[in-house]
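Mind looking at a prediction? Sequence and model below.
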Amino acid sequence: MNAYCEPRPVLFQPTDRADIQHLLTCEGEEQQALFQAARAARQAAGMDAVKLRGVIELSNYCQKTCDYCAIRPQNKEMIRYRMDADAILAITAEIVAEGITTVFLQSGQDPKSDAIVLEAIPRIRQADVNVLLNLGEKSRAMYARYVEAGADSYILKFETSDPVMYQNIVGTPLAKRLECARWIKEVGMKLGTGNIIGLPDQTLDTLVDDILLAQELQPDFVSSSPFIPNENTPLENLGVGDLQLTLNSIAICRLLFPHALIPAVSALEKIKKGGQLMGLNAGANVLTINFTPKDFRDKYAIYSKERFVVSLDHAHATIAAAGLRPRQAAQPVQSVSSCS
């Protein structure tokens with residue numbers, strides 16, 4: 001067994017490119033030792049309690065032309081929608097009623113949603129919950145306005161560390177994306193970022209570079225997501241991302257970022273039943289529950305028309321199967337029914 005995968009997990013730490021590349025390809029007993037090491041690192045960091053987030057997908061308008069995403073503006077089959085602040089607050093009330101302390105507002109890169117989000121954030125904050133945003137590339141001034149309104153954190157995945165691959169797939173410079181990630185940290189929000197595994201022309205070296213880029217950014221949240229082919233996109237005939245590579249990447253990230261929030265994304269469950277449980281067993285500690293009403297949710301086709309939608313019951317069953325527990329609120333969460 002390779003020394004880096006031996007079952008003395010707390011001492012286990014990849015230190016260079018060769019270590020990371022080797023661990024990405026772990027199999028069998030060696031892979032299980034890697035996962036054991038990741039779980040031990042998570043426990044030693046006090047990060048075993050699974051963080052639950054409630055997501056509201058508030059708009060499927062988007063400026064970006066990413067080849068993997070069906071909400072790209074070139075997709076004329078897409079029926080578009082944009083929620084208003086009152087609709088967001090009504091869904092927030094459902095999230096808060098379940099004791100979930102992070103409201104996750106997600107949309108395509110839709111400038112017309114900015115005013116809506118800025119109206120909604122302080123009203124959400126009246127319930128004494130955190131606000132996590134995933135709204136795309138904005139100006140530094142807009143990120144600062146989100147903070148002023150009360151947002152705590154922001155997810156902006158870099159998708160791939162390869163500038164040529166990024167430009168070819170997304171159609172805009174990677175440097176702009178990374179500039180936005182740095183602005184997010186500068187204005188005082190926690191940063192979440194990460195990659196997609198299974199993109200065209202991706203290599204093992206690329207995936208190592210992805211992890212090294214995450215180290216450079218030093219995010220508070222970090223993720224690896226397997227690619228899911230999406231209907232009505234240029235990449236709809238590409239195969240799914242490699243599940244084992246994704247799980248190994250999650251485990252490596254746990255070793256390198258022991259205190260980070262690392263999600264077991266819904267795409268894992270889409271690829272394989274029990275995939276999110278496998279993610280938790282590889283060191284993840286976040287599950288995102290979808291509270292978007294079905295009429296809107298079906299139009300938010302970021303993975304596929306038949307994407308896996310995480311319910312509260314599924315999340316709790318998955319956490320229990322992993323032998324973990326959900327993170328509890330420090331105090332009872334207030335109602336948002338009176339927010340105005």
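Now that the structure is in, tell me what you want to look at.

Hmm, L58 and I116 touching each other?
Yes - I116 lies in contact with L58 (CB atoms under 8 Å); the separation is 7.2 Å. For the C-beta atoms, the positions are set from N, CA and C on the backbone; glycine is no exception.

Low-confidence stretches in this structure?
1-12, 303-305, 329-340 (pLDDT under 70).

Repeat the analysis, applying 80 as the threshold.
The model of the chain has pLDDT under 80 over residues 1-13, 298-299, 301-306, 328-340.

For it, which segments count as helices?
For the chain, helices defined by DSSP state H occupy the ranges 17-24, 28-44, 85-97, 114-125, 140-149, 163-170, 174-186, 204-217, 243-256, 266-271, 275-281, 294-297, 312-321.

Report the buried residues of the third one.
The reference is to helix 85-97. A85, A87, I88, L89, I91, T92, I95, V96 (16 or more other CB atoms under 10 Å).

which among those gets closest to V131?
T92 (9.4 Å; CB to CB).

how close does A90 get to D84?
According to CB to CB, to the nearest Å, A90 and D84 sit 10 Å apart.

do the same with D19
Distance from D19 to D84, by CB to CB: 50 Å.

again with F221
Taking CB to CB as the measure, F221 falls 28 Å from D84.

now do S223
From S223 to D84 the distance is 29 Å (CB to CB).

the more surrounded of the two?
S223 (27 against 12; other CB atoms under 10 Å).

residues contacting that one?
Shown in contact with S223 (CB atoms under 8 Å, 6 or more residues apart in numbering): K157, G192, T193, G194, N195, I250, C253, I262, P263, V265.

Show me the beta-bridge partners of it.
G194 (DSSP bridges).

what about T193, how many neighbours?
24.

Using CSV, write down the CA coordinates of stretch 163-180.
Extracted as CSV, the C-alpha positions of stretch 163-180 are listed here (Å, rounded to 0.1, in the frame of the first residue of the first chain):
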residue,chain,number,x,y,z
PRO,A,163,-7.2,29.1,-19.3
VAL,A,164,-7.5,27.7,-22.9
MET,A,165,-10.1,25.0,-21.9
TYR,A,166,-12.0,27.6,-19.9
GLN,A,167,-12.1,30.0,-22.8
ASN,A,168,-13.2,27.3,-25.3
ILE,A,169,-16.0,26.0,-23.1
VAL,A,170,-17.2,29.2,-21.3
GLY,A,171,-16.3,31.8,-23.9
THR,A,172,-14.8,34.3,-21.5
PRO,A,173,-11.4,34.6,-19.9
LEU,A,174,-10.5,32.6,-16.8
ALA,A,175,-8.6,35.6,-15.5
LYS,A,176,-11.9,37.5,-15.2
ARG,A,177,-13.4,34.7,-13.2
LEU,A,178,-10.5,34.6,-10.8
GLU,A,179,-10.5,38.4,-10.5
CYS,A,180,-14.1,38.2,-9.3
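
buried ones in stretch 172-185?
Buried, per 16+ other CB under 10 Å, within stretch 172-185: L174, R177, L178, C180, A181, W183, I184, K185.

quick check, nearest of these to T288?
Checking the buried residues of stretch 172-185 one by one against T288 (CB to CB), the nearest turns out to be I184, at 18.9 Å.

And the closest residue to S107 other than its chain neighbours, how close does it get to I155?
The shortest distance from S107 to any non-neighbouring residue, by CB to CB, 6 or more residues apart in numbering, is to S59 (3.9 Å). Note on S59: its distance to I155, by CB to CB, is 16 Å.

One more: V286?
Distance of V286 to I155, given as CB to CB: 11 Å.

so what sits against both of these two?
Joint contacts of V286 and I155 (CB under 8 Å, 6+ apart) are F221.

burial of Q21, as a residue count?
Other residues close to Q21 by other CB under 10 Å number 15.

How about I196?
Neighbour number of I196 under other CB under 10 Å is 23.

I'd say it and S225 touch.
Yes - the criterion here is CB under 8 Å, and I196 meets it with S225 at 5.3 Å.

Would you mind listing the residues touching both of these two?
Common neighbours of I196 and S225, using CB under 8 Å, 6+ apart, are K157, G241.

What separation is there between the closest residue in space to G136 that isn't next to it in sequence and L178?
Excluding its sequence neighbours, the residue lying closest to G136 (CB to CB, 6+ apart) is Q109, at 3.0 Å. According to CB to CB, Q109 stands 16 Å off from L178.

Over to R42?
Using CB to CB, R42 is found at 27 Å from L178.

Next: F296.
Distance from F296 to L178, by CB to CB: 31 Å.

what do you get for P234?
From P234 to L178 the distance is 24 Å (CB to CB).

same thing with L256?
Counting by CB to CB, the gap from L256 to L178 is 19 Å.

Go through stretch 142-153 and flag the buried ones.
Applying 16+ other CB under 10 Å to stretch 142-153 flags M142, Y143, A144, R145, Y146, A149, G150, A151, D152, S153 as buried.
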